[in-house]
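1. Quick one, structure for this:
(one chain, ligands or ions: 2)
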Amino acid sequence: MAQALQVKLLDPRFGGEWPLPAYATEHSAGLDLRAAIDAPLLLAPGETALIPSGLAIHIGDPGLCAVILPRSGLGHKHGIVLGNGTGLIDADYQGPLMISTWNRGDAGYTISPGDRIAQLVLLPIVRAALQVVDTFEESARGQGGFGHTGVR
Ligand SMILES: O=c1ccn([C@H]2C[C@H](O)[C@@H](COP(=O)(O)OP(=O)(O)OP(=O)(O)O)O2)c(=O)[nH]1
Ligand SMILES: [Mg+2]
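-> Ligands and ions are numbered 1, 2, ... in the order given. This is a model prediction of the structure:
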């Protein structure tokens, strides 16, 4: 069962030379985001560029968010990941979806107009109603973290 999601097509190439946003396979979790640029963009090693997706969404439901994630092929083979790690799209955001694209690799990479350079995943979330306390009920983990359970 798919979740209705309002989307504005900000770039006129959608519905023409670019198909409407769609999931690549029947059970893909991510909706690929395209580089809505007008000319090829060479990202030098270490360089970051904020690339428009040509889309705007309005999630609206505070029980949902969306995240922008790298595509594994671009990330692993070409070092093209996100400058902000993971993009979080708030349910009340109505602006253009932007992709912070970072070349973490050691070779230049050229992004062409319309390339699918990242992906969007819609996720359920729970917002916290914070309760300030002085102590927590002791848990087995306590304050252990950052590898305190070892690696083997
Ligand atoms: O990769 C991203 C990350 C965020 N956004 C948009 C959607 C999101 O709802 C908004 C704010 O994102 P975030 O909260 O991460 O940025 P901020 O630095 O906290 O900005 P703000 O103070 O506007 O919340 O920016 C994008 O378009 N792409
Ligand atoms: Mg924020």
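2. can you pull up the bridge partners for whatever residue of the chain ends up closest to ligand 1?
-> Ligand 1 sits closest to Gly87 of the chain, with a gap of 2.3 Å, by CB to the nearest ligand atom. All C-beta atoms are positioned from the backbone trio N, CA, C, and that covers glycine. Legend: beta-bridge partners of Gly87 under DSSP bridges are Ile68.
3. For it, list the residues it contacts.
-> Residues in contact with Gly87 (CB atoms under 8 Å, 6 or more residues apart in numbering) are Val67, Ile68, Leu69, Met98, Ile99, Ser100, Ala118.
4. shouldn't Glu47 be in contact with Gly105?
-> No. With contact defined as CB atoms under 8 Å, Glu47 does not count as touching Gly105 (10.2 Å).
5. The two: who's more crowded?
-> Neighbours per residue (other CB atoms under 10 Å) separate Glu47 from Gly105, with Gly105 holding more: 18 against 15.
6. and the gap between the more buried one and Gly73?
-> Applying CB to CB, to the nearest Å, one obtains 13 Å for the distance of Gly105 from Gly73.
7. Based on its surroundings, how many neighbours for the closest residue to Thr86 other than its chain neighbours?
-> Distances taken as CB to CB, 6 or more residues apart in numbering put Val67 closest to Thr86, at 5.5 Å, once the chain neighbours are dropped. By other CB under 10 Å, 16 other residues sit near Val67.
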